[in-house]
Structure formats: structure tokens, C-alpha cells
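K.L.:
the sequence isn't on hand, but the structure is:
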């Protein structure tokens, strides 16, 4: 099979994360903050209702002024009406026109020289007012504001709606018009008894100016807040998205099988949730790297351990085909049987060791009485009988519970391995002492034998897989070297420790010490 080698470009494409607007956090953060600003921008539309209230107020004012002017015009004689009209027009800022009962024009303050009503020519105004008018039109279109009719001068009094209504109903109506520069023009009329109808006209530029000033202030505030909000959003996105992107790229590299060469950033300066995530991912990658290394080392050790019995078995089988001496054949067959038994034992231990981590990760811990468990193990060994008349003794404190949270079957395997190991090293008529006590919230189990002990330089390596320190008189191949490694794995899965030390009460002998926490575990 030809291996497939990925090109650098394909690897780069695999490593490149596609941060679209649908998945990246930056557009989301910007959208949330800008959306809040959009609600603030609704103040522009609130200004339209503010303008409408001002216009309604000015319309009511124009109606009152029209009534008062009509009363004043009706209270003076004809020669004085022109002077009164000019004075009232100057005081109110309105253009006053008087029509007789036939709606014919009788008096106009503008014709009398009072030029207080002049419409601005939008073509002669600067670009600032042009932009303001355009913005007025846009907002009016968005809010669907009613559009007043364009103001134009009419010749006959009957052509003015307010004059016609005032003549026929006797009320004081008012209309709002739109000047060429989009400022409101308000006309109002009132009946003058026995004389006719008086009409007032005013260009309320101050309303538009007030609304535009408030809109400019709101726009400046909104622009400043928008810039600050966008900058803060980008800063927040940068502090969140960039480290997440680095972590994601590192995770992709780990997924591509580069666990050894990938260094997941730990972000030690960050004390927030992203820093916690970075350190958790870094620890996870280190654990994964250690697990991969352990698996490779385990596979290499298994290969090495399997080769020895297989080589012996192959040599014995080859010898059987060439040797015809019955006695030699029986010896070779014995070697074959021993190698087959050794392979069977080795494969069984390897299978258990390889499944152990996964099984312990799924195990449900229950309350286990270590005292009862060890006592039952000793009873079983004594019923079966021990090699070389080795004796077992269990010292435990009376009426002291030795309850821990764990898996009973696995813990039984730990002490079974320790007892079997102690028996194999014990001399003829030796004594193995197991003791249990509670120290500082832990159950401490000691297994002591009278064997040769463990050299100080080997007290750690004996817990490695396939590392066996056996008695000199023991036949080769009776142990796989996995017993103590399995025991340590089980103890550490129960949040405990196991180590070996020399017996301080004797010149020789080994003491295995197991510490397991009391009480429940989570």
C-alpha cells in the first residue's frame, strides 16, 4: 500500500479555519453593540414627533392670534385698520390680510411695507442647509410623516381654504403649508363681523431650526458613542477571538496527528474563562501526548516481550523436526508447553492492562470495606495453601471502619498482586504481615515480607510495565512484569498512592505502602 503524503497546500487549507460572519464572534459582538446604538438612533424619529407637537402648538397659537386680530380689526374704524394691522403684524411676526364679505382683498400688511413674511430661496442657500433638507426628507419618508402641500400665493380669498371655511362656518381654521426650503408656513383665518375675514400667515422657520439643532446634537452624541462602542467591541472581540483562534488552530493540528509538535498556548497572563480554557486544553494535549507516548512504549514493550517466548517456541519446534530421541523430544515438548503457557499468561495480562484505563474511567465507585476485603483474600490463600509454608497475618485496629469509595473488584486485584508478589519473594516458612490503619484522613495498608527487599535504585522502576525484579531461584517466564504496574494504575485511579520501601525493623525485606483516601469521592 502506497502511503498518501499530504501536500503543504492541502495541510494549510486544513489548518485554515473559515471564520465567516455566521460563526465568528467579532460580527456578533459588533452587531449586539451596534444594535443598541440603533435603538438610540431612534431618537431621530422621536424628533419628528417632537416637531409635530411644536407645529400643533403653533397652529393653535395662530388660531388664537387670528381671533384676537379679528376682534381688534372689528373694534376700529376703517381709517385706523391699516395702522392697527401693521402694528399687530409687527408684534406677532405675521402677515395680515383682510378680505371683505365677497372675499375681495381689502388690506395686506406686506403691501403696506411690513416685510416680515419672506420665503427663502433654497437655490441660494449653502450646502449645509441643502443637506439638512435632504435629511428632513429622508426622515419624513422613513416615518411616513404627512407631507403638507407646497405653499403658493393665491389671488382670491375664496382660493384660501381657511378664508372660505371662516366665511361659511364662522370658526377660526388653520392650515400648514410647506415652504420651498421645507420650513412650515401656517395660515389661520377668523371672521370679522360686519367687515369680512382676516387671514394671518407666518413662516415658522424657528421650528425647523430647533429640530435641526437638536438633531445635530443627537447626531454628534451618536457618532461619538458609535465610535467608542465600535472600538470597544473590536477590542473585546480581539481579546476573545484571537486567543480562541489560536487554541482552535492548535486543536486542529492535534487532530491532524501533530500532538508531539504542537504547543497549545497556556495564556498564563489571563485569569478569565479563556485563560482557564487555554490551560485546560494545554493540560489535555500534554495528557494526550503522554498517553500516545505510553501507548507507543507499551506496544514496543509488548513486541519485545512477545518475541522472547516466540523465539524459544520456534527453536523448540524446529528441534522437534530434527531430533528423534524420545527423551529430548519430551524436553522440547515441555519447553513448548511452558512457552505456550507463558504466551497465554502474557496475552491475558496485556489485555487486562490495555483495558484497565478505559474500564476505570467508566467505573462507578461504591463504599468498600478494605478490612473485610483483605481478610477475605487472606482466608482464600490459606484455604488454597501457600508455597513454602509461608504464613499470612493481618493486623488491623479493632472497631475502626476502613471504608473508602472505590471498585471492590479492582481493589481486590491490587492486594492480590501484592500478596502474590510477597509470597514469591518470601523464604521457607516466611511470614507476610498486612497491616491497616487510618492516618490523616487516609487508609494506609502495608504489606511486609521477609524477602531480599528491593534495591533503592529499582523502587520506582518495578512499577513500570514489563519490568520484573524476580528471585534468582525462580524459573524464567513465570511472571509478565505487569502485576505491580496494574496495581499502581488501579490505586492512582482511586486517587491514592503506592510505593515500596525497606523494612526498618529488619535487615532485609520489602514493605509496600498503599494510601487511599477515606470517605466518598466524586
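P.N.:
Happy to help now that I have it. Predicted model, so just to flag it, every value in this text is computed and none were measured.
K.L.:
please enumerate the helices of the stretch 351-500 of the chain.
P.N.:
Under the criterion DSSP state H, counting those that start in this stretch, the stretch 351-500 of the chain contains helices at 370-384, 408-425, 483-493.
K.L.:
and the last one, what does it pack onto?
P.N.:
Applying 3 or more C-beta pairs under 8 Å, 6 or more residues apart in numbering; DSSP states H and E, one finds that helix 483-493 contacts helix 326-362, helix 408-425, strand 497-502. C-beta coordinates here come from the backbone N, C-alpha and C atoms, glycine included.
K.L.:
check which residues of that helix are buried.
P.N.:
483-491, 493 (16 or more other C-beta atoms under 10 Å).
K.L.:
and which of these is nearest to residue 63?
P.N.:
Closest approach to residue 63 among the buried residues of helix 483-493 (C-beta to C-beta): residue 493, at 91.6 Å.
K.L.:
show the pLDDT at that closest one.
P.N.:
Looking at residue 493, its pLDDT reads 85.
K.L.:
give the residue spans of the stretch 51-200 of the chain that score low on pLDDT.
P.N.:
Scanning the stretch 51-200 of the chain for pLDDT under 70 picks out nothing.
K.L.:
find me whatever residue is spatially closest to residue 483, sequence neighbours aside.
P.N.:
Nearest residue to residue 483, sequence neighbours excluded (C-beta to C-beta, 6 or more residues apart in numbering): residue 417, at 4.2 Å.
K.L.:
on the pLDDT front, check that neighbour for me.
P.N.:
Per-residue confidence (pLDDT) for residue 417: 87.
K.L.:
ok, it touching residue 482?
P.N.:
No. Between residue 417 and residue 482 there is no contact under C-beta atoms under 8 Å: 9.1 Å.
K.L.:
those two: who's more crowded?
P.N.:
Taking neighbours as other C-beta atoms under 10 Å, residue 417 and residue 482 compare with residue 482 leading, 25 against 20.
K.L.:
quick one: residues contacting the nearest residue to residue 492 once chain neighbours are set aside.
P.N.:
Spatial nearest neighbour of residue 492, excluding adjacent residues (C-beta to C-beta, 6+ apart): residue 498 at 7.9 Å. By C-beta atoms under 8 Å, 6 or more residues apart in numbering, residue 498 lies in contact with 414, 463, 487-488, 491-492, 512-515.
K.L.:
can you give the distance of stretch 161-174 from its chain's centre?
P.N.:
Between the centre of stretch 161-174 and the centre of its chain there are 69 Å (C-alpha atoms, centre = their mean, to the nearest Å).
K.L.:
in it, which residues are buried?
P.N.:
Buried residues in stretch 161-174 (16+ other C-beta under 10 Å): 162-167, 172-174.
K.L.:
strands - which of those residues land there?
P.N.:
Judged by DSSP state E, strands contain the following of the buried residues of stretch 161-174: residue 174.
K.L.:
among the buried residues of stretch 161-174, which ones are in helices?
P.N.:
In this view, the buried residues of stretch 161-174 that belong to helices under DSSP state H are 162-167.
K.L.:
check residue 320 and give its pLDDT.
P.N.:
In this prediction, residue 320 carries a pLDDT score of 76.
K.L.:
my guess is it contacts residue 332, does it?
P.N.:
Yes. With contact defined as C-beta under 8 Å, residue 320 reaches residue 332; the gap is 5.2 Å.
K.L.:
neighbour-wise, which of those two wins?
P.N.:
Using other C-beta under 10 Å as the criterion, residue 320 and residue 332 rank with residue 332 on top: 18 against 15.
K.L.:
which ones are touching the nearest residue to that one once chain neighbours are set aside?
P.N.:
Of all residues not flanking residue 332 in the chain, residue 316 sits nearest, at 4.6 Å (C-beta to C-beta, 6+ apart). By C-beta under 8 Å, 6+ apart, the contact list for residue 316 reads 332-333, 335-336, 339.
K.L.:
if we can go back for a sec, minimum pLDDT in the contacts of residue 498, which residue is that?
P.N.:
residue 463 (82).
K.L.:
who does the residue nearest to residue 492 bridge with?
P.N.:
Legend: beta-bridge partners of residue 498 under DSSP bridges are residue 514.
K.L.:
would you format the buried residues of stretch 161-174 as a markdown table with distance to residue 270 included?
P.N.:
Below are those laid out as a markdown table (distance: C-beta to C-beta, whole Å):
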| residue | distance to residue 270 |
| --- | --- |
| 162 | 72 |
| 163 | 77 |
| 164 | 78 |
| 165 | 75 |
| 166 | 77 |
| 167 | 81 |
| 172 | 73 |
| 173 | 71 |
| 174 | 67 |
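K.L.:
nearest to residue 184 among the buried residues of stretch 161-174?
P.N.:
Closest to residue 184, out of all of the buried residues of stretch 161-174 and judged by C-beta to C-beta, is residue 174, at 11.3 Å.
K.L.:
helix, strand or coil for the closest residue in space to that closest one that isn't next to it in sequence?
P.N.:
Among residues not flanking residue 174 along the chain, residue 188 sits closest, at 4.0 Å (C-beta to C-beta, 6+ apart). For residue 188, the assignment made with DSSP: H, G, I helix; E, B strand; the rest coil gives strand.
K.L.:
low-confidence bits of the stretch 251-400 of the chain, can you list those?
P.N.:
Counting by pLDDT under 70, the low-confidence segments of the stretch 251-400 of the chain come to 257-262, 294, 297-298, 300-302, 304-305, 308, 349-350, 352-361.
K.L.:
check the stretch 401-522 of the chain too.
P.N.:
The stretch 401-522 of the chain contains residues with pLDDT under 70 at 465-481, 520-522.
K.L.:
and the contacts of stretch 508-521?
P.N.:
365, 367, 370, 403-406, 414-415, 418, 421-422, 425, 438, 441-454, 491, 494-503.
K.L.:
just the buried residues of those.
P.N.:
The buried subset of these (16+ other C-beta under 10 Å) comprises 365, 370, 404-406, 414-415, 418, 421-422, 425, 442-451, 453-454, 491, 494-496, 498, 500, 502-503.
K.L.:
which residues in the chain form strands?
P.N.:
Assigned by DSSP E, the chain shows strands spanning 95-100, 105-108, 174-178, 184-192, 196-203, 366-369, 391-395, 403-406, 431-439, 442-448, 497-502, 510-517.
K.L.:
tell me what the fifth one is packed against?
P.N.:
In other words, strand 196-203. helix 43-74, strand 95-100, helix 161-169, strand 184-192.
K.L.:
okay, the ones you listed in CSV with distance to residue 245 next?
P.N.:
Putting the helices and strands packed on strand 196-203 into CSV (distance: least, C-beta to C-beta, whole Å) gives the following:
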stretch, distance to residue 245
helix 43-74, 37
strand 95-100, 69
helix 161-169, 68
strand 184-192, 56
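K.L.:
run a quick neighbour tally on residue 71.
P.N.:
By other C-beta under 10 Å, 13 other residues sit near residue 71.
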